[in-house]
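Novice: sequence and predicted structure are below.
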Amino acid sequence: MESDRETLERLARLGRSSGVAIVGLGGAGSEAVHDLLTLGLPDVPAIAINTDAPHLLKLEVNERILLGEREMRGRGSAGDRVLVRAGAEAAREELLRRLSRYEIVFLLAGLGGGTGSALLPYLTELLQGSDTLAVPVAFLPFRIELESNPQRRSNTLEALGELEAVGGMLLALSNEKLRRFEALPMHQVLHVRNAYLHSLVAGLVDMVEHPSQMNVDLASLKFHLKDSGVSTLLLSEEHVSEPERLVHVALTETLLDFELSDSPSALIHVDGGSNLTLRTVDRVWRTMRRRLGEPRRMLVGTRTHPEPRDVVRLTAVVGGLRPRSVRDAVALPLEAE
């Protein structure tokens, strides 16, 4: 029989997370990782993977990986997804070794160029065969980029098609939706997008890493994603007196591109203070179920903190997105597939 101290030490080892990592793929993805770090993600390692050596050198990240050194000589991919894919295949074992040691890996990439568009679906599929949960984050190009550059449009649609085929979670952040902030300087507009992404990352990590009264852990999340098709992540915070608005904001005031099918599924978690009542939580659950059109499955969780709080937070992983919904959002009307 082991002692109480030995039991506690064993449980601590089992419960200790092997962590979360954020990984920037290509130039846009790596720049976004830098922005997330400035916003604050304590103890979360950052990794940059690129075919552009000068860009890698200027980044302040924990690890750097240069792909395709022989083929591209560290000068970038010039939009060639095939070349980048070949470089990734050559480094397959190293990529898997470096990334699969984490429990959750957020993969950030701007679509349209060669490096991010090739690596995002490749690494998502690669990690799906491991115990690591890959969360691909795709920055969708502005519409004018797709209208004026056939290669960027082709790269974007091909990458999205591959991501949808893999399934699991897909966060597709629409640059076009940033036009509501068009009076701001460009760097501030992108910072708004990255701040929104930061809240999504922090919300998901908080949901699965911290115990709740009605728990939603990493195992629950993986189970939910297993047969939910393509899923997305929604988050909102509102005053505790407005549970219906909490759901409305999560579903509508988002920078994500997606469209629900007729049979979605949902994993939702409500986080509030000691003043959070069962009545309020129940209103959130019922409103979400109604807005989703009676989902085929809904897992629920809740956490209350010792002190009262004016704000309640909703984190929701909604599955069963309509097939091709993200690709259709960026396809041009006259040329849609």
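Specialist: The structure has been received and is ready for your questions.
Novice: use CA for all of it now, contacts and neighbours both
Specialist: Noted.
Novice: so where's the stretch 151-300 of the chain shaky on pLDDT?
Specialist: For the stretch 151-300 of the chain, no stretch has pLDDT under 70.
Novice: show me where it has its strands.
Specialist: 168-169, 171-174, 230-239, 260-272, 297-304 (DSSP state E, counting those that start in this stretch).
Novice: which parts of the stretch 1-150 of the chain are helices?
Specialist: Assigned by DSSP state H, counting those that start in this stretch, the helices in the stretch 1-150 of the chain fall at 4-15, 26-39, 53-57, 69-72, 81-90, 92-99, 114-128, 143-148, 150-166.
Novice: the ones you listed: lowest mean pLDDT?
Specialist: Comparing mean pLDDT across the helices of the stretch 1-150 of the chain, the lowest value falls on helix 4-15: a mean of 49.
Novice: winner for burial among the helices of the stretch 1-150 of the chain?
Specialist: Highest mean neighbour count among those (mean count of other CA atoms under 10 Å): helix 114-128, with a mean of 24.
Novice: tell me what that one is packed against?
Specialist: Contacts defined by 3 or more CA pairs under 8 Å, 6 or more residues apart in numbering; DSSP states H and E place helix 114-128 against strand 20-25, helix 26-39, helix 81-90, helix 92-99, strand 104-110, strand 133-140, helix 150-166.
Novice: the fifth one - what's its average pLDDT?
Specialist: When the per-residue pLDDT values of strand 104-110 are averaged, the result is 95.
Novice: strands paired with it, and their directions?
Specialist: strand 20-25 (parallel), strand 133-140 (parallel) (DSSP bridges).
Novice: reformat those strands as CSV; add mean pLDDT, mean neighbour count and distance to L57.
Specialist: CSV is the format used below for these (pLDDT from 0 to 100; neighbours: other CA atoms under 10 Å; distance: least, CA to CA, whole Å):
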stretch, mean pLDDT, mean neighbour count, distance to L57
strand 20-25, 94, 26, 14
strand 133-140, 94, 24, 23
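Novice: returning to what we had before: any chance of a markdown table for the helices and strands packed on helix 114-128, columns distance to K222?
Specialist: Below are these laid out as a markdown table (distance: least, CA to CA, whole Å):
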| stretch | distance to K222 |
| --- | --- |
| strand 20-25 | 15 |
| helix 26-39 | 24 |
| helix 81-90 | 26 |
| helix 92-99 | 17 |
| strand 104-110 | 11 |
| strand 133-140 | 7 |
| helix 150-166 | 14 |
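Novice: looking at the strands of the stretch 151-300 of the chain, which is nearest to H198?
Specialist: Shortest distance between H198 and those, using CA to CA, is found for strand 230-239: 11.0 Å.
Novice: what's that closest one in contact with?
Specialist: Applying CA atoms under 8 Å, 6 or more residues apart in numbering, the contact partners of strand 230-239 are 164, 167-171, 199-200, 203, 225, 245-247, 249-251, 254, 258, 310-321.
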